[in-house]
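K.L.:
next come a sequence and a model predicted from it.
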Amino acid sequence: TSDQVSKLTTAQLNNLTSDQLSALTTTQTAGLTTGQLSKVTVANMAYLTTDVVSGLTTNQLPGLTAAQVTGLTTDQAKALSSDQISKLTTTQIAAFGSDGLNAFSADEISKLASNQVASLTTPQLSKLTTDLLTAMTSDQVSKLTTAQLNNLTSDQLSVLTTDQTAGLTTTQLALITPANLAYLSNDVVTHLSTNQLMSLTAAQVTGLTSDQASALTSDQIVKMTTAQVAALETVDLNTFTSDEIKALTTNQVVNLTASQLTNLNSDLMTSLTSAQIAKMTTDQLNSLTTAELRSITTDQALGLSSMQLSKLTTSNFSKLSVDLMAKLSTLQLRGMTTDQVVALTTDQAQALTSDQLTKLATTQIAALQSDDVNQFSTLEISSLSTRQIGALSADALNNMDGSLFSSITSGQIASLSNVQLAALTTAVAASLTSDQVDGLSTSQVSLLSTDFIHAMDADVMGTMSSDQVGSLTTDQISAMTAEQFDALDTASLIGNLNYN
């Protein structure tokens, strides 16, 4: 009877044969005290039937030693009920072998108390089947220690569900190694809460796979810290959509690294808004590749300040597209440095409109290279103010093609400085028109070089006023051709020549 069994000594119990032990009934073993049970050897314990094990009372179970629990057979462990398991101590739970623990049902795993979950050893957890691991509740997952989480296998980490990971605390997430975080499914990443996402370290963000980065939503991305955004690998940043790039805050954009920007694909580069462009630093702008600089759209350029433009290196400034140049505002253009003006390509110069040119400062006009000036139209030249014409370099004036030089108005000619007039060469002398001559003052006429006078068109010279003729110096008169004299005679001006 159970009463008789309860009176058996340790020696008597442990000397029963395997057949005798396996023949004990649940009625008989119900009489075993915790003291008796704890003294049964591990080897003998294994002979008890599954019915006997499933019949152990909640008072008897705490009497099992850790060694006895470890020695339970898979069938015995499987025979334990949810109620029995719930009464096991944390020491007993930690004593189960991997086979014993894997004998539990999914329902039994899901009902483990939080302190029981916390007592599971890293070897136990790492050998738990994925089916049983996914049976754990979010509350249980929230009780896992850093060591437990980081000892899960790649297969186990990859099967964690969104419901389970919803239970992960920010502290838990931040302590998962970057290598392990990379095993979380894309679905899990997509469902990370704002607080969870913001808890990720820079190293973890860097360790995200391209698929995980692609799984981030716009709502998640805008909540990322600037340090996290800066930690994204370029290949991961390039998985973002255009809308996600547009959704980046200006603070996030400012913290993008030169490497990230340099390697941003062209479609994403052109998706940056003018407001985002407006916040980019000098180092960021100057880190852009030739292709990226040329891809900046006119809409994006609206965000560039005159200060930003002025900080572009001359090499980078010369890479801006002609479409962009044609859309720069007056304020933006006034931000160009003289070095940048010098660096303008002929295509960029040609793209500038009359309205833009008339807004350039005289210092900028003075920096224009002759090849660039030759890209202007006759209308653009004639639209320049007298102060701007007066600022053109002698090289720019002398290298104008004939039609361009001829488009300078009489009012503009009158504004040329003494230095400019004296530097005019024979290259443009033949292009001087009668209207332009009409604009020259007598003092200006006297400053023209003898070579210039010699190269002037005779008919044009014939349109000079008597005062202008009278202002010619003896050296200038000596340089005149017979045709020029004839033109003056025809105009009845030869008598005004000053031979003194």
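P.N.:
Noted; the coordinates are in hand.
K.L.:
pLDDT weak spots in this protein?
P.N.:
Along the chain, segments meeting pLDDT under 70 span 492, 499-500.
K.L.:
remind me, longest helix of it?
P.N.:
helix 482-490 (DSSP state H).
K.L.:
elements contacting it?
P.N.:
helix 458-461 (3 or more CB pairs under 8 Å, 6 or more residues apart in numbering; DSSP states H and E). C-betas here are computed from N, CA, C, even on glycine.
K.L.:
which parts of the helix it packs on are buried?
P.N.:
458, 460-461 (16 or more other CB atoms under 10 Å).
K.L.:
just stretch 185-201 next, same as before
P.N.:
185, 188-189, 191-192, 196-201.
K.L.:
that one: end-to-end distance?
P.N.:
18 Å (CA to CA, to the nearest Å).
K.L.:
chain center to that stretch, what's the gap?
P.N.:
19 Å (CA atoms, centre = their mean, to the nearest Å).
K.L.:
contacting residues around it?
P.N.:
158-162, 165-166, 168, 170-171, 173-174, 178, 181, 208, 211-212, 214-217, 220, 223-225, 228 (CB atoms under 8 Å, 6 or more residues apart in numbering).
K.L.:
for L173, give me its contacts.
P.N.:
181, 192, 196, 199-200, 204 are the contacts of L173 under CB under 8 Å, 6+ apart.
K.L.:
try 10 Å
P.N.:
The contact partners of L173, taken as CB atoms under 10 Å, 6 or more residues apart in numbering, are 149, 165, 181, 184, 192-193, 195-201, 204.
K.L.:
distance check, the spatially closest residue to A66 that is not a sequence neighbour against L112.
P.N.:
Nearest residue to A66, sequence neighbours excluded (CB to CB, 6 or more residues apart in numbering): A95, at 3.8 Å. For A95, the distance to L112 equals 14 Å [CB to CB, to the nearest Å].
K.L.:
find the nearest non-adjacent residue to V42, please.
P.N.:
Nearest non-adjacent residue to V42, counting by CB to CB, 6+ apart: G71, 3.7 Å away.
K.L.:
equivalent analysis for D283, please.
P.N.:
D283 sits nearest to A258 (CB to CB, 6+ apart), 6.4 Å away.
K.L.:
what sits against that neighbour?
P.N.:
281, 283-288.
K.L.:
export these to JSON lines and tack on neighbour count and distance to T490?
P.N.:
Formatted as JSON lines, the contacts of A258 follow (neighbours: other CB atoms under 10 Å; distance: CB to CB, whole Å):
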{"residue": "T281", "neighbour count": "15", "distance to T490": "68"}
{"residue": "D283", "neighbour count": "11", "distance to T490": "68"}
{"residue": "Q284", "neighbour count": "20", "distance to T490": "68"}
{"residue": "L285", "neighbour count": "21", "distance to T490": "63"}
{"residue": "N286", "neighbour count": "16", "distance to T490": "63"}
{"residue": "S287", "neighbour count": "18", "distance to T490": "67"}
{"residue": "L288", "neighbour count": "21", "distance to T490": "64"}
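K.L.:
quick check, nearest of those residues to A361?
P.N.:
Distance ranking of these against A361, using CB to CB, places L285 first at 22.3 Å.
K.L.:
and the next helix or strand past the helix or strand containing the closest one?
P.N.:
Assigned by DSSP states H and E, L285 belongs to helix 282-287. Following helix 282-287 in sequence order, the next helix or strand is helix 290-295 (DSSP H and E).
K.L.:
what are the buried residues along that next one?
P.N.:
Applying 16+ other CB under 10 Å to helix 290-295 flags 292-293, 295 as buried.
K.L.:
which elements pack onto it?
P.N.:
helix 266-269, helix 282-287, helix 314-317, helix 322-327 (3 or more CB pairs under 10 Å, 6 or more residues apart in numbering; DSSP states H and E).
K.L.:
okay if I get those as JSON lines plus distance to L488?
P.N.:
Shown next, in JSON lines, are the helices and strands packed on helix 290-295 (distance: least, CB to CB, whole Å):
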{"stretch": "helix 266-269", "distance to L488": "65"}
{"stretch": "helix 282-287", "distance to L488": "60"}
{"stretch": "helix 314-317", "distance to L488": "49"}
{"stretch": "helix 322-327", "distance to L488": "47"}
